[in-house]
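Engineer: Kindly generate the corresponding structure for this input.
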Amino acid sequence: MKRVIFFWSGATGYMAACWRALAAVPDVQLKLFVEVQRKGDNGYRHAEVLQGLDAELRFDDEPLDQAGLRRRIADFQPDLMVVLGWRVPMCRFAATDAAFAAIRKLFAFDMTFAFTPRKLLAPLVLRRYLHRFVGAVVTGERSALYASYLGFDSSCIERGLIGLDTEPFAAACERRSRLASTPRQFLHVGRLTREKRIDLLVEAYRRYRSRVAAPWGLTCCGVGPDSRLLENEAGITACGFAQPDEMPEIHARHGALVIASDYDPWPLVIAEAVASGLPVICTDACGSHVELVRHGFNGRICGTGDVEGLARAMAWMHAHAAELPEMGRRGLALAAPYAKEQWAAQWRERIERVSRVGR
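Structural biologist: Residues are numbered from 1 along each chain as shown. Predicted coordinates:
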């Protein structure tokens, strides 16, 4: 029996599904320590999402009980600790506390490289912290490049940090296929914040509407400070925050996903859309397009900040509506490697291999 602890930030439905799949593996015992934000949680059902898992939930505004956390970690006697990033105090404590120096640790992150002072200096600033890990697990190729820049040897960098429950989304694809025609509605999913470039999305949608007859509507699922940019915009429906279990049905009612971000390391919403058979329009800044979107095959990839390119991509989807179901079906195989069962199998093998390092 291998005992594994994940130290995580954010209680998401997709990771909970993956953790349940891993917890169901007979020779793996799993424990979770998850920190979530209290401010702006918008009624997100954190505890419900993690129900049935051996999980301890804490809010980010609570003082960190280091002695208590140290005791609970020691009581579990982990063979491996998976630590997400370096910014969350709970994660930093787990990685650096001397009581657990002998326990093997994997560094988990999804960030990508950028020419900013903070990221350029990261290998120096984080050197002592990162040397505590035997390897890194990242979301995809762009994060793997950053892991290499941080100093991890290529043999110690693995992809596959994130997975999802593909079955509900496959069912959404099936429901959509039974409709008489492709739903004439674009979908955007994500927090309404500056890096998601809602301003760019709205302007591209305006241009698209001005160029076609009977334009499609645009549904925006999410909350955030830029929600005001959606107000009183013709054709745009802002539906606010949607719970994870609502997303497959939302996907079934739409014809294509549109993401306009100028920084988005590995947006899971693209994986969900591809798993539901939706064609995707996204910017090059969306890191998950590297693994999940092929231009002209199951989506359209636009330059980051290219409002005209986004408008043309929407017009292209509009003009080729009859082709979109087949286009979406092509992407299903690209999402298959991220299914929770595959994710759990990969982690089972990874846990066994890493636990033997140095023995």
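
Engineer: May I see the buried residues of stretch 88-101?
Structural biologist: Residues V88, M90, C91, R92, F93, A94, A95, F100 are the ones in stretch 88-101 that count as buried (16 or more other CB atoms under 10 Å). (Glycine included, C-beta is placed from N, CA and C.)

Engineer: which one of those residues sits closest to A67?
Structural biologist: Nearest to A67 among the buried residues of stretch 88-101, counting by CB to CB, is F93 at 10.7 Å.

Engineer: ok now do that closest one, which residues does it touch?
Structural biologist: The contact partners of F93, taken as CB atoms under 8 Å, 6 or more residues apart in numbering, are L64, Q66, L69.

Engineer: what's the least confident helix or strand in the protein, going by average pLDDT?
Structural biologist: Between all helices and strands in the chain, the lowest mean by mean pLDDT, DSSP states H and E belongs to helix 46-49, at a mean of 83.

Engineer: Kindly format the C-alpha coordinates of it as PDB.
Structural biologist: The C-alpha atoms that make up helix 46-49 are tabulated as PDB, following Å, rounded to 0.1, in the frame of the first residue of the first chain:
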ATOM      1  CA  HIS A  46     -16.200  23.200  -1.800                       C
ATOM      2  CA  ALA A  47     -17.100  20.600   0.700                       C
ATOM      3  CA  GLU A  48     -19.600  18.900  -1.600                       C
ATOM      4  CA  VAL A  49     -17.100  18.800  -4.400                       C
END
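
Engineer: buried residues in it?
Structural biologist: Neighbour-count burial for helix 46-49 flags H46, V49 (criterion: 16+ other CB under 10 Å).

Engineer: Name the residues of the helix or strand just after it that come out as buried.
Structural biologist: Past helix 46-49, further along toward the C-terminus, the next helix or strand under DSSP states H and E is strand 55-59. By neighbour count, and taking 16+ other CB under 10 Å as the criterion, the buried residues in strand 55-59 are A55, R58.

Engineer: Show the average pLDDT along strand 55-59.
Structural biologist: Computed over strand 55-59, the mean pLDDT rounds to 93.

Engineer: Quick one: distance of it to the chain centre.
Structural biologist: 20 Å (CA atoms, centre = their mean, to the nearest Å).

Engineer: neighbouring contacts of that strand?
Structural biologist: Outside of strand 55-59, the residues that reach it under the criterion CB under 8 Å, 6+ apart are 11, 19, 31-38, 46-47, 50, 64, 72, 90.

Engineer: Going by distance to A333, which of these wins?
Structural biologist: Nearest to A333, judged by CB to CB, of the contacts of strand 55-59 is W19 at 24.7 Å.
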